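S.K.: Would you be able to build a 3D model of this:
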Amino acid sequence: MNQRTLLITLTGPDRPGVTSRLFSVLADFPVTVADIEQVVIRGRLTLGVLVAYAGGPPSGTGRTIGALWTALEQVAEELGMEIELATGTQVKEKRRRGRLHVTVLGMPLQPAAIAGIAGRIAAAGANIDRIERLAHDPVTCIEMSVSGANPQTLRAALAAEAALQQVDVAVERAGLHRRAKRLIVMDVDSTLIQAEVIELLARHAGVEEEVAKVTEAAMRGEQDFASSLRERVALLEGLPEEVFEEVRKEVVLTPGARTLVRTLKRLDYRFALVSGGFTQITDHLAAELGIDYCAANTLEVVDGRLTGRLVGEIIDRPGKARALVRFAEQAGVPLSQTIAIGDGANDLDMLAAAGMGIAFNAKPIVRKAADTAVNVPYLDAILYLLGISREEVEAADAEDAALQGS
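M.R.: The predicted structure follows:
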């Protein structure tokens, strides 16, 4: 059924009581609220309200549209704000298909990038229903709520535009599942930490250059990971096991790693480390960060020295995917609600198996295959892909600090 509508847009300095004052006036008239949107940017408020007359023009002395306009203009004058009013006819809205979240990250985020992303969305026949900022420092992140788009088609179009504009873009379906209980499965070397552990061990053995060459070839997918791992491990033969403690001290976490884990643990997420590295290092990291599950290779030690061999199952490319499936079962989380994060070719199967695969500062082959890529140097930027804002993170941290201090 057609409805007469009135769109009210109030703009001006933000202050307490604006929304309450506006709706107190509307309460005196025979209208129903159809939609509301409000945003505050740098202390300036924009409040839009769509009201409808369900039964046609209102009647009665003092309750006409003209009277409502007069009352609204008076409120705007009292508040020192500007008001715009528009009337029209609205057909009952059908539920929009294909609701998506489009997240855009940049350092910095240029106007041309927004223009390019918005243009691609429009070209796909989709509409941007809402835009909000999730973070502004050191990464600027905005999230667009988009309707009317095919997710696969839009993801491909926006990936091309992101490469052109040198920003990161993620496309994810909207819905309650977005913050549902999830499992995060993360690579370790060059993802959780800023180094390759085997290269740190190789430095102590004096074979860093030889190991680095084999590592790089494996990460580019030019050599089978399992064979390359055995080749590199053989070069470590004779190292004393005390080297593990030295390497643990040298390991540096990627910026934002602690924030990512701490924030999502608050939301009852489960975490797993799945690494082609070594349990002698990853087990320590898991304990330090409160990680729930961990899978990695184990270096053989005999009489206090490395033998240059591995023991147990090798965690290679297919091994990482198997670990993801195993940990999801243990956590009671469906694969569709898992997130995998990695940077190298041996992460490809894991990224494909997860509900969402994220390439973090990854090699080109991985960026191309993943659902989305994050190229900023902060691991906690992944929070924004889940719709968690910087303000929410800081507020939760402040609350925890206050509780600990009380």
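S.K.: Would you map the strands across the stretch 1-150 of the chain?
M.R.: Ranges of strands within the stretch 1-150 of the chain are 3-13, 32-41, 44-53, 82-90, 100-106, 127-135, 140-147, based on DSSP state E, counting those that start in this stretch.
S.K.: Next, the angle strand 127-135 makes with the fifth one.
M.R.: The one in question is strand 100-106. Angle of strand 100-106 versus strand 127-135, following axes from the mean of the first three to the mean of the last three C-alpha atoms, to 10 degrees, is 40 degrees.
S.K.: quick revisit: Serialize the strands of the stretch 1-150 of the chain to a markdown table and add fields for mean pLDDT, distance to residue 287 and mean neighbour count.
M.R.: C-beta: built from backbone N, CA, C; applies to glycine. Below are these laid out as a markdown table (pLDDT from 0 to 100; distance: least, C-beta to C-beta, whole Å; neighbours: other C-beta atoms under 10 Å):
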| stretch | mean pLDDT | distance to residue 287 | mean neighbour count |
| --- | --- | --- | --- |
| strand 3-13 | 84 | 51 | 17 |
| strand 32-41 | 80 | 43 | 13 |
| strand 44-53 | 84 | 48 | 18 |
| strand 82-90 | 76 | 58 | 12 |
| strand 100-106 | 93 | 31 | 23 |
| strand 127-135 | 88 | 30 | 16 |
| strand 140-147 | 92 | 31 | 20 |
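S.K.: what residue ranges in this protein score low on pLDDT?
M.R.: Scanning the chain for pLDDT under 70 picks out 1-3, 53-63, 89-98, 175-181, 219, 221, 406.
S.K.: returning to that earlier point: can I get the strands of the stretch 1-150 of the chain in JSON lines including distance to residue 187?
M.R.: Below are the strands of the stretch 1-150 of the chain laid out as JSON lines (distance: least, C-beta to C-beta, whole Å):
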{"stretch": "strand 3-13", "distance to residue 187": "47"}
{"stretch": "strand 32-41", "distance to residue 187": "37"}
{"stretch": "strand 44-53", "distance to residue 187": "42"}
{"stretch": "strand 82-90", "distance to residue 187": "50"}
{"stretch": "strand 100-106", "distance to residue 187": "20"}
{"stretch": "strand 127-135", "distance to residue 187": "23"}
{"stretch": "strand 140-147", "distance to residue 187": "23"}
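S.K.: Residue 113 reaches residue 165, doesn't it?
M.R.: Yes: using C-beta atoms under 8 Å, residue 113 is in contact with residue 165, at 4.0 Å.
S.K.: Now for the two: what residues contact both?
M.R.: Residues touching both residue 113 and residue 165 by C-beta atoms under 8 Å, 6 or more residues apart in numbering: residue 106.
S.K.: Can you check which of the strands of the stretch 1-150 of the chain gets nearest to residue 207?
M.R.: Residue 207 lies closest to strand 100-106 among these, at 38.3 Å (C-beta to C-beta).
S.K.: quick one: residue 376 is in a strand?
M.R.: No: per DSSP: H, G, I helix; E, B strand; the rest coil, residue 376 lies outside any strand segment and is coil.
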